[in-house]
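Undergrad: Any chance you can model this:
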Amino acid sequence: MSANPRVSRRRASIFAALCFGIAGSAQALSLVVEDGEIAGVSGLDIQGRLYDVSFRDGAFNAVYPAELSGYGPLARAVAQALLAANPSIQAAPGWQANLRPRGCQSADSCTILIPEHSDGAAPNTRLTHAVEAIYTKDRFSKVPEPLWPFDASTDTQYMPDMLYAIITPAR
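TA: The predicted structure is shown next:
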């Protein structure tokens, strides 16, 4: 009988630690809204490291820094983290259901391209393979499994339903 209070206290301590961890993660995540668009998401937790993601239109070779050929496995991890962050994003200050990622001009959905690997490095890449994060209406709705091959010189500004994600370590 004396073991039950210790077990209960131990469970309460574990539960409190989990709640504190979840609250800490939610506080780190923030929505970046500029000019009525989602310019990015900051403080996205990926395996204990925080990243900022911004959305931009342009061509791969113009948008990404020189020598970048893709994000490797981080691309899919970021896409999945955006999908999992929906509740936190929608609870963030400045959230409105009509917000769309910067560069998304489609009322239905937008494809956010996150380069995994390319046949070279920016600014001289010909073809990049990207993970897609699909944003539908007011949320990230899915991350398709296959990679999307994309001509690195194509400017997404002329594609109303496509844009790029730029990933940087959080400051």
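
Undergrad: what is the mean pLDDT for stretch 34-48?
TA: Averaging pLDDT along stretch 34-48 yields 93.

Undergrad: which parts of that stretch are buried?
TA: Using 16 or more other C-beta atoms under 10 Å as the test for burial, stretch 34-48 gives 38, 39, 40, 41, 42, 43, 44, 45. C-beta coordinates here come from the backbone N, C-alpha and C atoms, glycine included.

Undergrad: Tell me if I'm right that the last one and residue 53 touch.
TA: No: Residue 45 lies out of contact with residue 53 (C-beta atoms under 8 Å); the separation is 11.8 Å.

Undergrad: Show the backbone phi and psi for residue 158.
TA: Per-residue torsions, residue 158: phi -100, psi 10 (degrees, to the nearest 10).

Undergrad: cool, the one 10 residues further on as well?
TA: The phi and psi torsions at residue 168 (degrees, to the nearest 10) take the values phi -140, psi 150.

Undergrad: contacting residues around it?
TA: By C-beta atoms under 8 Å, 6 or more residues apart in numbering, the contact set of residue 168 is 51, 52, 54.

Undergrad: Mind putting those residues into TSV with distance to residue 100 and secondary structure?
TA: Shown next, in TSV, are the contacts of residue 168 (distance: C-beta to C-beta, whole Å; DSSP: H, G, I helix; E, B strand; the rest coil):
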residue	distance to residue 100	secondary structure
51	21	strand
52	19	strand
54	14	strand
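
Undergrad: Would you mind checking the residues you listed for buried ones?
TA: 51, 52, 54.
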